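K.L.:
only geometry, no sequence info:
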């Protein structure tokens, strides 16, 4: 029974939680997953972690994670190694850098997005020219 629980992946384990009514300022590093439903102002460096920003959360700063799922308000720079998801009613004001971006209906995004990655299979001249360029969305 305990062996089965041990086999579960650590990436889905919730390692931290910042609840409503709590505001933290500073630097945060983690492995696994952290959920923010309160406020955070500062830097997050968790290149192998997952950041979940809840609907009532307000975040400001610079973030480097593997995966980010944002449903609250985010101001600043966010870099997602694998993926960034903006889910309604998210409000994103700032810069995004990722290889995979998902923006849901009803999301507000004001800023720039830079997408790069392994797209070497394309032989289209237009795609080669557009690769690595920034896109501005208002």
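P.N.:
Received it, and whenever you're ready, just let me know what you need. Everything numeric in this text was worked out from a predicted model, so none of it was measured.

K.L.:
Tally up the residues packed near residue 108, please.
P.N.:
By the criterion of other Cβ atoms under 10 Å, residue 108 has 13 neighbours. C-betas here are computed from N, CA, C, even on glycine.

K.L.:
That one - nearest residue in space that isn't next to it in sequence?
P.N.:
Excluding its sequence neighbours, the residue lying closest to residue 108 (Cβ to Cβ, 6 or more residues apart in numbering) is residue 91, at 4.5 Å.

K.L.:
Who does the one you found form a beta bridge with?
P.N.:
residue 73, residue 108 (DSSP bridges).

K.L.:
For the chain, which segments count as helices?
P.N.:
Listed in chain order, the helices of the chain (DSSP state H) span residues 2-6, 125-130.

K.L.:
Which of these has the lowest mean pLDDT?
P.N.:
Ranked by mean pLDDT, the helices of the chain bottom out at helix 2-6, with a mean of 44.

K.L.:
which regions of the protein sit below the pLDDT cut-off?
P.N.:
Applying pLDDT under 70 to the predicted model, the residue ranges of the chain that meet it are 1-12, 117-138.

K.L.:
Going along the chain, name the strands of it.
P.N.:
Read by DSSP state E, the chain holds these strands, from start to end of the chain: 14-18, 23-28, 33-36, 39-53, 58-70, 73-86, 91-98, 101-103, 108-115, 134-137.

K.L.:
All set now, cheers.
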